[in-house]
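Colleague: here is the input, now give the coordinates:
(chains A and B)
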Amino acid sequence: AQTVTQSQPEMSVQEAETVTLSCTYDTSENNYYLFWYKQPPSRQMILVIRQEAYKQQNATENRFSVNFQKAAKSFSLKISDSQLGDTAMYFCAFMRYSSNTGKLIFGQGTTLQVKP
Amino acid sequence: EAGVAQSPRYKIIEKRQSVAFWCNPISGHATLYWYQQILGQGPKLLIQFQNNGVVDDSQLPKDRFSAERLKGVDSTLKIQPAKLEDSAVYLCASSPRLAGTFNEQFFGPGTRLTVL
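Modeller: Numbering: from 1, shown residues only, chains lettered A, B, ... in the order given. So this is what the prediction gives:
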């Protein structure tokens, strides 16, 4: 069974600075997806960034980038130039690449507070 | 394009009562998911539908939870009777089923259930 662990329940960062959220996972699969989702207070979950395990290059989306270490089963999210709108709960998630189900397995989440 | 719609947004009931949640996915999305998100935890998949068939309901407490997706469009999730531990946000998500490409899951705003 796959598991996803986020060891930082809460983090804070000053506006315009950089913050890194950590995630580790456990799987025996070789091909899979990893994701970071953002869930703002009282608003719906949205996909921030995804990484395919077969790709060595780390994914980037504007101010968001990941550090994917497949051998270490580590998948961290870096947010550069933090903005007040980045305040949210962030979830790391795993999905098997070739499964019949698109089941997402989520970590416990990290609450990020961006301070002015 | 309209997003995933859910109703009601909030529901408060007494334990042992029944409750139902409704979800209307994005038009044309073949796959529909119900997740349970207990406060302070990541979402957990309860059930996944492909059109009107069940793909995965391994984590659905079938003694009290039921779900259907008649006609392969909207879906209802029912709890009967509710327990205190059912207090959670119930998220609905949908995704297309396009061959040969990644199919993103789009989440609704959720229904927050409080069982007293």
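
Colleague: need phi/psi at A:D86.
Modeller: phi -80, psi -10 (degrees, to the nearest 10).

Colleague: how about the residues of chain B near chain A?
Modeller: Residues of chain B lying near chain A by CB under 8 Å from any CB of the partner chain: B:3-4, B:31, B:33, B:35, B:40-45, B:48, B:55-56, B:91, B:93, B:95, B:102-105, B:107-110. Every C-beta, even on glycine, is put in place using the N, C-alpha and C of the backbone.

Colleague: just the element for A:N30, please.
Modeller: Assigned by DSSP states H and E, A:N30 falls within no helix or strand.

Colleague: so it sits against A:K70, correct?
Modeller: No: A:N30 is beyond contact range of A:K70, at 9.1 Å (criterion: CB atoms under 8 Å).

Colleague: quick check: neighbours shared by the two?
Modeller: Taking CB atoms under 8 Å, 6 or more residues apart in numbering or on different chains as the contact rule, the neighbours common to A:N30 and A:K70 are A:A53.

Colleague: among those two, which residue is more densely surrounded?
Modeller: Applying other CB atoms under 10 Å in any protein chain shown to A:N30 and A:K70 shows that A:K70 carries more neighbours, namely 15 against 10.

Colleague: so which residue is smack in the middle of chain A?
Modeller: In chain A, the centroid-proximal residue (CA atoms, centre = their mean) is A:W36; its distance is 2.9 Å.

Colleague: now swap in chain B and tell me
Modeller: Closest-to-mean residue, chain B, CA atoms, centre = their mean: B:W34 / 2.6 Å.

Colleague: tell me the bridge partners for that one.
Modeller: B:I47, B:C92 (DSSP bridges).

Colleague: I'd like the next helix or strand past the one helix or strand A:V66 maps to.
Modeller: Under the criterion of DSSP H and E, A:V66 resides in strand A:64-69. Per DSSP H and E, the first helix or strand lying C-terminal to strand A:64-69 is strand A:74-79.

Colleague: what about residue 17, neighbour count?
Modeller: Just so you know, I chose chain A. 12.

Colleague: not quite, go with chain B.
Modeller: Using other CB under 10 Å, B:Q17 has 14 neighbouring residues.

Colleague: now the one 4 residues further on
Modeller: B:F21 sits with 22 neighbouring residues when counted by other CB under 10 Å.

Colleague: and it, what does it touch?
Modeller: When contacts are counted by CB under 8 Å, 6+ apart, B:F21 touches B:Q6, B:S7, B:P8, B:K11, B:T76, B:L77, B:K78, B:Y90, B:C92, B:T111, B:L113.

Colleague: remind me which residues of chain B are low pLDDT?
Modeller: Across chain B, the ranges flagged by pLDDT under 70 are B:1, B:99-100.

Colleague: ah, wrong one, I meant chain A
Modeller: The model of chain A has pLDDT under 70 over residues A:98-101.

Colleague: out of everything not next to it in sequence, what's closest to the residue in chain B that chain A sits nearest to?
Modeller: Nearest residue of chain B to chain A: B:G42, at 3.0 Å (CB to the nearest CB). Leaving aside its chain neighbours, B:G42 sits nearest to A:F106 (3.0 Å; criterion: CB to CB, 6 or more residues apart in numbering or on different chains).

Colleague: could you say which helix or strand holds the closest residue to A:R50 other than its chain neighbours?
Modeller: Nearest residue to A:R50, sequence neighbours excluded (CB to CB, 6+ apart): A:F35, at 4.8 Å. A:F35 is part of strand A:32-39, with elements assigned from DSSP H and E.

Colleague: in that strand, what counts as buried?
Modeller: By neighbour count with 16 or more other CB atoms under 10 Å in any protein chain shown, strand A:32-39 contains the buried residues A:Y32, A:Y33, A:L34, A:F35, A:W36, A:Y37, A:K38, A:Q39.
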